[in-house]
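[1] A structural model of the following input is requested.
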Amino acid sequence: MKKLINIFALCFIALSFIACEEEDEFTFIASPEQTADFTFTNSVSDNYLLSPLVADNPAERFVWNEADFDVQTPVNYELQGAVTEDFNNPTTLADITETDYSVTVSSMLSLANEAGLDNDPDTEEAPNTGMLYFRVRAYVGADAGNVVEQFSDMLMLNIELVENTSEEVDLSTTWGVTGGATEFGWDAPDVPMWKSDITGVDNLVYVAYTTLTDGEIKFRENEAWGNDYGGADGQLVAGGDNIEVTEGTYKITIDLNPDELTYSLEEYSWGIVGDATPNGWDGPDVQLSYNGENNTWMAENVTLTDGEIKFRLNNAWGGEYGGNDGQLGSDNIPVTAGTYTIIVDFENGTYTIE
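    Got it, this is the predicted structure:
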């Protein structure tokens with residue numbers, strides 16, 4: 001009898017061992033394709049204005065909550081964009097483990113082109129407005145036959161392509177501002193100087209927008225000595241003396257035309273003002289920085305409260321803009337509490353708050 005019991009015990013152990021080996025190749029129990037609590041958590045704008053002039057800027061930051069698969073396992077999230085509601089052949093914009101992702105204007109433009117939209121005013125057949133669709137696919141498992149997935153709700157974004165009526169902007173130059181009064185001192189990188197919007201000159205008038213401290217500056221080419229200018233009293237001299245400056249935010253202009261050779265510094269700053277900003281309607285304003293690569297003004301990681309904002313020049317009234325639906329105008333711009341990237345294109349009269 002004891003032998004018989006031992007035989008049964010051995011058989012039980014063997015069966016248990018086989019079962020354990022088979023458990024290593026586990027299979028998830030399929031969850032519903034979409035669950036009510038797996039959704040986007042960010043709000044979207046009424047209308048998105050897309051311009052190739054700001055292609056590298058963020059268009060929208062999508063945020064969603066975590067998907068629940070009832071197992072302790074890493075979850076991957078695939079942000080998908082599509083040109084139809086049925087998500088036939090969607091575009092994967094990101095495959096990440098985080099629960100948020102910023103989509104650039106360039107990516108949005110690619111989807112818009114796939115949808116048959118066009119921003120060329122001479123193309124009458126193709127519309128410049130339409131809808132784009134976004135969702136998140138959450139999935140666990142790596143093997144093709146062992147993947148369980150959920151899909152979030154769908155966001156529909158109304159987009160408008162800004163008419164591109166001008167050549168691509170390229171305002172870069174080889175010139176810059178250096179000195180103890182600049183952010184990086186006498187070492188590189190220099191404060192970049194950009195081609196001026198002054199017409200009638202042979203690209204020899206350059207501008208820089210920057211904040212200086214009390215100190216000295218000079219202008220030089222290619223962040224190297226040998227072709228540099230100093231001077232005094234508004235006159236440039238090749239290899240001349242350092243130029244003394246006082247603390248402030250400036251527009252710096254140099255004219256390197258041989259019959260001119262002048263420089264000027266004028267108080268100049270664009271900023272964000274309003275009861276939604278830290279300093280209210282009295283300022284000082286949240287400063288915008290100039291980006292000569294696309295001729296826009298930009299501020300990143302701006303924390304706002306529920307309220308309204310405007311854009312104004314030199315912390316003063318008389319040169320301000322409000323707006324509506326991404327177009328610059330006169331009305332105060334309502335905003336909700338959050339942290340934003342704000343881009344203003346004064347040349348084309350547009351702005352984005354994302």
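[2] please make it C-alpha for all contacts and neighbour counts, starting now.
    Fine.
[3] G239 reaches N227, doesn't it?
    Yes. Here G239 reaches N227: they are 7.3 Å apart, a contact under CA atoms under 8 Å.
[4] give me the more crowded residue out of the two.
    Comparing G239 with N227 by other CA atoms under 10 Å, the one with more neighbours is G239, at 16 against 13.
[5] run through the residues that contact N242.
    For N242, the contact set (CA atoms under 8 Å, 6 or more residues apart in numbering) comprises 216-218, 230-231.
[6] for those, which one is nearest K251?
    Nearest to K251 among these, counting by CA to CA, is I217 at 13.7 Å.
[7] got any ranges where the stretch 251-354 of the chain has weak pLDDT?
    The model of the stretch 251-354 of the chain has no residue with pLDDT under 70.
[8] same thing but 80
    293 (pLDDT under 80).
[9] inside helices: which ones of the contacts of N242?
    When DSSP state H is applied, those are split such that none fall in helices.
[10] what sits against the residue nearest to T99 when sequence neighbours are not counted?
    Nearest residue to T99, sequence neighbours excluded (CA to CA, 6 or more residues apart in numbering): W64, at 5.5 Å. Going by CA under 8 Å, 6+ apart, W64 touches 38-42, 99-100.
[11] and the gap between A299 and I342?
    A299 is 5 Å from I342, where distance means CA to CA, to the nearest Å.
[12] one step back: mark which of the contacts of N242 are part of strands, please.
    Members of the contacts of N242 lying in strands (criterion: DSSP state E): 216-218, 230-231.
[13] ok so, going back, now the buried members of the contacts of W64.
    38-40, 99-100 (16 or more other CA atoms under 10 Å).
[14] including distance to V71, could those residues go into JSON lines?
    Output for those, formatted as JSON lines (distance: CA to CA, whole Å):
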{"residue": "F38", "distance to V71": "16"}
{"residue": "T39", "distance to V71": "19"}
{"residue": "F40", "distance to V71": "22"}
{"residue": "T99", "distance to V71": "18"}
{"residue": "D100", "distance to V71": "22"}
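[15] show the end-to-end separation of stretch 88-108, please.
    Stretch 88-108: ends 17 Å apart by CA to CA.
[16] any idea how far that stretch is from the chain center?
    How far stretch 88-108 lies from its chain's middle: 14 Å, per CA atoms, centre = their mean, to the nearest Å.
[17] list the buried residues in it.
    90-91, 93-94, 99-101, 103-108.
[18] who's in contact with the longest strand seen in the chain?
    Determined from DSSP E, the single longest strand within the chain is strand 129-140. Strand 129-140 has contacts (CA under 8 Å, 6+ apart) with 67, 73-85, 87, 111-112, 117, 147-161.
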